[in-house]
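Colleague: For reference, the sequence and a predicted model appear below.
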Amino acid sequence: MSSTSIGTEFTPGRRASKKVRRAIADGRIDSLFEIWQDYLSDVRSRIGKHLDSTGLLCLWSVDWSPLSDRERQLADGLEQLKLRQIQSLQADRGRNAARLLTAILTEWLETEGSAICGWETIAVAEVLVRLGHRLDSDVFLKCLQLVAAAVQNDGIIEDPLSLSGSGAPADVRERVLVLTARGEAPWLCSLLLEPLGNALQLRKKAAEYIRALTLEATDSDGVPCAELLRSLPDLLTPLARIAFWSDVFKTELWNRAEQIRLENLTARVGLLCRPVQTILDPDVPETAGHAFPSQPLRLLLSVQNPSYRAKLEKLLRKSEQVVTRVRKPGRHRLPGEQDASSSAFLRMACQSDESQVAVLRSSLRHDADLIVVHWQGSVVHLQMTAAGRTIFSGEWDWAARVDDQTVAAPRSWRCSCWFEDHECIFMELEGESASGMQCNRQIMLSTRQRFAILTDSVTTGSDTSRVQLTTALPVCAGSAILPDTITREILLNNGVVAARAFPLWLQDDRIQHATGQFSEHDGQFELNATGQGGTTAPLALDWNPERRHAPADWSTLTVTEGGRYCGAFEASGHRIRVDRFQVMLYRSLVTSETARAVLGVHTTDESLYTRVRGVQREFSALVQVEATASEP
């Protein structure tokens, strides 16, 4: 390596020290190497406090990042380094490991290719920061030259979109995909190249991109937007590494408000954690997709060190195990029983209108019941995990016909009601329909009973037309679907969780005629309900092991108003009893100034979910939604 080449690649800035300028001008390789090792020595000490038992962070992205052939070759080489070898290198031991690392980088340096890309930039930069003191000085500086060259053009590093000719990212999903190239890589390189004294502008530009994307990808409470839920590693992995490098280099990136948003993002994503899912049927392939980003979450918790860190780390650790049996529901500390002003407060549920996401979780146990709902335009996605095992996952279909004429699906959905306390979590989605039909979807999750009710309802506001509503719930692959021979109950059994599904809008006895249907077709639960002017189709789900074999019965209740019967377009009532556990629900579809009566209860509420206790019918309300004047 000649002094000419060093001077060409390393251009010191105004903030560079005289020692750096002199070493570059004289082409003194050993002096430059020592300058960088002195600069990085304190950083390595801080890294050791966080990454004692963690391999290279760059490898977290290998499985799902689009890598070039050269990047793939580098990744294969770095994956040869075992964790113990990395630990030995960091502790100035392991000569064989040092030789292997030198050989990997030498081979990479000799590989011809185009401009260095985002992933290999962060990979090489991480190796230089964490393990560079174990490399030969010439290999270290050659790698440093390439890193400097990669960001010399105003911090622009080649990324998958620019290489493929796609142009600028069109939406937040694409912007997240290039976060490594346009945010993480320039940020890390600016920290690594600090001795040159010319990395400030590079750092500012990277920080602007990172901060803008963080604000765009989450709402003010840190809830990720709906379109990113299926690709959380794309967002969380680079953000975790960025936060980590900012911490160990003692360089601030986010202001206090943005730090709080990032901490909230960590907590919200932690609530999405569920145990490892396995399919017991060997003939059913595993579902493709990203794994839950547990490693980035752990790193963020290590950097942020929130008061609830131990709780979330325990949840992540337990979730690495497969749930093999359903525990009886216990009495956990829940949102209504905690002090919200306490620093240790961690909500079990959250909902965001801006992100169009809702998370309903029963507890912080790894085998908690969890429902995640997100909606975009006319599409609603639902994922339901019962006792740690996912039973529904996919699009929650909706279709309706009025007098045998197809009605367009709602153009959009919005959350019109949200409620949570120590007994249940409840949400309602209201659809905006061009036809004027009122469309609602409700979800009620019991936090202590391993029980839920999913309710769809539609009304035209009058009884002049016949309405048919059809919805579908996507059943997870590998589940056995077993219809009961006597009642219309269907058992969903995945080998661990046995969820009993009860169609409350139909007669429970199969012998009795019913205007509607509940069946399994093509891997989905299909729900069909018919009514004059409107209809309501509540599906009750029970996976409490204490009631697994208990007798169940249910019925549609009579609703009256001022001495007359209410039609299906006005209101409906339903009751479900499994053993001694009994729940009644009431839905008002058309507002009335007069109280209505259902099962002995007089109410003016729009929705009512209540426990029915004992033979004396003692009611204990779970959810009460007051009527609004906006109903037709």
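Modeller: Sure thing, it's come through. Numbering: from 1, shown residues only.

Colleague: Please make it C-alpha for all contacts and neighbour counts, starting now.
Modeller: Will do.

Colleague: residue ranges with poor pLDDT in this structure?
Modeller: Within the chain, the segments meeting pLDDT under 70 span 1-9, 52-53, 112-115, 152-171, 173, 278-291, 330-345, 615-617, 629-632.

Colleague: Checking the residue most central in space within it next. Helix, strand or coil?
Modeller: Central residue of the chain (CA atoms, centre = their mean): residue 229, 4.4 Å from the mean position. Taking DSSP: H, G, I helix; E, B strand; the rest coil as the rule, one finds residue 229 in the helix state.

Colleague: And for the one 10 residues further on?
Modeller: Secondary structure assignment for residue 239 (three-state DSSP): helix.

Colleague: Ok, residue 138 next?
Modeller: Classification of residue 138 using three-state DSSP returns helix.

Colleague: Sort out which residues of stretch 377-391 are buried, please.
Modeller: By neighbour count on 16 or more other CA atoms under 10 Å, the buried set for stretch 377-391 is 378-391.

Colleague: mind listing the strands for the stretch 51-200 of the chain?
Modeller: Assigned by DSSP state E, counting those that start in this stretch, the stretch 51-200 of the chain shows no strands.

Colleague: ok, back up a step: please flag which of the buried residues of stretch 377-391 sit within strands.
Modeller: Mapping the buried residues of stretch 377-391 onto strands (DSSP state E) picks out 379-386, 389-391.

Colleague: Can you tell me which of these comes closest to residue 551?
Modeller: residue 386 (20.7 Å; CA to CA).

Colleague: my guess is the closest one meets residue 372, correct?
Modeller: No. The criterion here is CA atoms under 8 Å, and residue 386 misses it with residue 372 at 11.7 Å.

Colleague: and residue 21, how many neighbours?
Modeller: A total of 21 residues lie near residue 21 under the criterion other CA atoms under 10 Å.

Colleague: Quick check: which element contains it?
Modeller: helix 18-26 (DSSP states H and E).

Colleague: residues in contact with the nearest residue to residue 612 once chain neighbours are set aside?
Modeller: Using CA to CA, 6 or more residues apart in numbering and skipping residues adjacent in sequence, the residue nearest residue 612 is residue 619, 4.8 Å away. Counting by CA atoms under 8 Å, 6 or more residues apart in numbering, residue 619 touches 610-613.

Colleague: buried subset of those residues?
Modeller: Here, 16+ other CA under 10 Å leaves 610-612 buried among the contacts of residue 619.

Colleague: Now distance to residue 214 and secondary structure too, for the residues you listed, in a markdown table please.
Modeller: Formatted as a markdown table, the buried ones among the contacts of residue 619 follow (distance: CA to CA, whole Å; DSSP: H, G, I helix; E, B strand; the rest coil):
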| residue | distance to residue 214 | secondary structure |
| --- | --- | --- |
| 610 | 41 | strand |
| 611 | 43 | strand |
| 612 | 46 | strand |
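
Colleague: Please verify my assumption that residue 432 contacts residue 416.
Modeller: No. With contact defined as CA under 8 Å, residue 432 does not reach residue 416; the gap is 11.4 Å.

Colleague: out of those two, which sits in the busier spot?
Modeller: A direct count of neighbours by other CA under 10 Å for residue 432 and residue 416 places residue 432 higher, at 19 against 14.

Colleague: Got the phi and psi for the nearest residue to the more buried one once chain neighbours are set aside?
Modeller: Nearest in space to residue 432, with sequence neighbours left out and distances taken as CA to CA, 6+ apart, is residue 410 at 5.0 Å. For residue 410, the backbone dihedrals (degrees, to the nearest 10) come out as phi -50, psi 140.

Colleague: show me what contacts residue 410?
Modeller: Going by CA under 8 Å, 6+ apart, residue 410 touches 378, 431-434, 439.

Colleague: and of these, the nearest to residue 81?
Modeller: residue 378 (48.0 Å).
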